[in-house]
Each structure stands twice: as structure tokens, then as C-alpha cells.
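**Q** The sequence and its predicted three-dimensional model are supplied below.
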Amino acid sequence: MSKAPAHPLVYKAKSALHGNGLFAQVPIKKGQKIIQYIGKPVSSEESVRITDRRYKSAEAKNRAYAFIYQISKDYCIDGNVPGNLAKYINHSCDPNCESYTYRREVWIRSLRAIRPGEELTFDYGFDPIEGMASPCSCGAKGCIGYVMAKAYRAYFKKHIKPLMESS
Ligand SMILES: [Zn+2]
């Protein structure tokens with residue numbers, strides 16, 4: 001892997017959440033466009049193969065670290081390319097950033113003001129199937145223990161998690 005280039009707003013460092021993370025270098029304002037999640041466009045079918053391959057490899061302990069960003073039903077970005085600093089941003093159930101797509105580009109922007117040295121996080125937005133394959137230990141209040149989009153968390157916690165725990 002080549003060394004990721006320097007970025008004016010963020011830097012990569014060891015994270016208390018998982019592996020490496022991305023941290024604010026300077027004060028970041030609420031709603032600020034921070035960094036693009038760059039990568040190689042791939043079809044959904046190809047992304048499943050890539051995810052499986054990475055999931056089986058030693059470093060990918062769970063699916064959250066396959067570096068595939070789903071843009072639409074049939075189009076994804078493989079973010080495991082040199083220079084994609086944004087791939088180091090960890091998931092949190094109470095994130096300070098969000099991802100959004102603009103003209104088929106993926107960008108990360110802040111949801112609130114972020115202090116220098118604070119780790120950036122966003123909601124990976126996984127569906128329940130992907131989510132159950134990806135344990136979360138973000139430590140946020142309301143963390144359900146899996147990387148799962150906010151929209152699914154309440155239902156999962158109420159109806160699915162008890163079933164998993166009783167079996
Ligand atoms: Zn969590």
C-alpha cells in the first residue's frame with residue numbers, strides 16, 4: 001500500500017474504535033464538506049465478490065471493513081484504492097459526520113462542529129443482513145452492537161436481537 005497523501009483538514013491515526021481512524025486536524029464547522037470517498041466504480045455483483053474475498057482475508061474481521069460503498073441498487077464504489085483517506089473513517093451509531101452522494105461522487109460532511117484531534121465517524125448505513133455480520137463497539141449511547149443504519153436499529157433491537165440472544 002502506498003502512503004496516503006496529506007489532507008488539509010484530516011489526518012490518519014490509530015483509533016480507539018477500530019484499527020486506524022481519521023481525525024480532524026483543524027476546527028471543522030457544522031455542515032462542512034470534508035473529504036471525498038474516492039474509489040473504483042464496481043457493479044453490485046462485483047462488490048459482493050470483493051466483499052467476500054476481503055471478509056475471508058485475515059485483516060477483514062467483519063464486513064464493515066470491506067471498503068465497499070453502495071451508491072445505488074446496482075452501483076458501488078470500491079474504496080480500497082491508494083489515496084482514499086476517507087476509507088479510514090470508522091462507523092459510529094452516534095456519528096459526527098454523514099456521507100452523501102453528489103453526481104455519483106461520495107462525500108463526507110460534518111453533522112456538527114468538530115474539534116481538532118476528534119475522530120470523524122459516519123453511519124455506514126448497512127442493512128440488517130450486512131449489519132449482523134459487522135459487530136460494532138463504538139461505545140455510543142444507543143449502540144446496538146452491530147453496524148446498522150439508524151433506520152433499522154430500533155426494530156432490530158426490539159424484535160431481532162432478543163431472538164438472537166435466546167437461541
Ligand atoms: Zn455502535
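**A** Okay, I see it.
**Q** which SS state does the closest residue to Ser15 other than its chain neighbours fall under?
**A** Once flanking residues are discounted, Ser15 sits nearest to Gly21: 3.0 Å by CB to CB, 6 or more residues apart in numbering. Yep, even glycine has a C-beta here, placed from its N, CA and C like the rest. Secondary structure, DSSP: H, G, I helix; E, B strand; the rest coil: Gly21 is strand.
**Q** who in this structure is up against the ion?
**A** For the chain, the contact set with the ion under CB under 5 Å from the ion comprises Cys93, Cys136, Cys138, Cys143.
**Q** Give me the buried entries from these.
**A** Buried residues within these, defined by neighbour count using 16 or more other CB atoms under 10 Å: Cys93, Cys136, Cys138.
**Q** residues in contact with the first one?
**A** By CB atoms under 8 Å, 6 or more residues apart in numbering, Cys93 lies in contact with Asp123, Cys136, Cys138, Ala140, Gly142, Cys143, Ile144, Lys150, Arg153.
**Q** distance of it from Leu22?
**A** Here the criterion is CB to CB, to the nearest Å. By it, Cys93 lies 17 Å from Leu22.
**Q** Work out the gap between stretch 84-92 and the centre of the chain.
**A** Put simply, stretch 84-92 sits 6 Å off its chain's centre (CA atoms, centre = their mean, to the nearest Å).
**Q** how far away is Phe156 from the ion?
**A** Per CB to the ion, to the nearest Å, Phe156 is found 12 Å from the ion.
**Q** meant to ask about Val26
**A** Distance, Val26 to the ion, using CB to the ion: 27 Å.
**Q** follow-up on the earlier one: keep only those of the residues of the chain next to the ion that are in strands.
**A** Judged by DSSP state E, the residues of the chain next to the ion include no members of strands.
**Q** List just the nearest of these to Val42.
**A** Cys136 (24.8 Å; CB to CB).
**Q** Quick check: the closest one touching Gly142?
**A** No - if you go by CB atoms under 8 Å, Cys136 and Gly142 don't touch, sitting 10.9 Å apart.
**Q** got the residue ranges for the helices in this protein?
**A** With DSSP state H as the criterion, the chain has helices at 44-56, 128-132, 150-155, 161-166.
**Q** Run the chain-centre distance for the first one.
**A** In this case it means helix 44-56. Counting by CA atoms, centre = their mean, helix 44-56 is centred 16 Å from the centre of its parent chain.
**Q** Ok, the third one next?
**A** On the basis of CA atoms, centre = their mean, helix 150-155 is displaced by 17 Å from the centre of the chain it belongs to.
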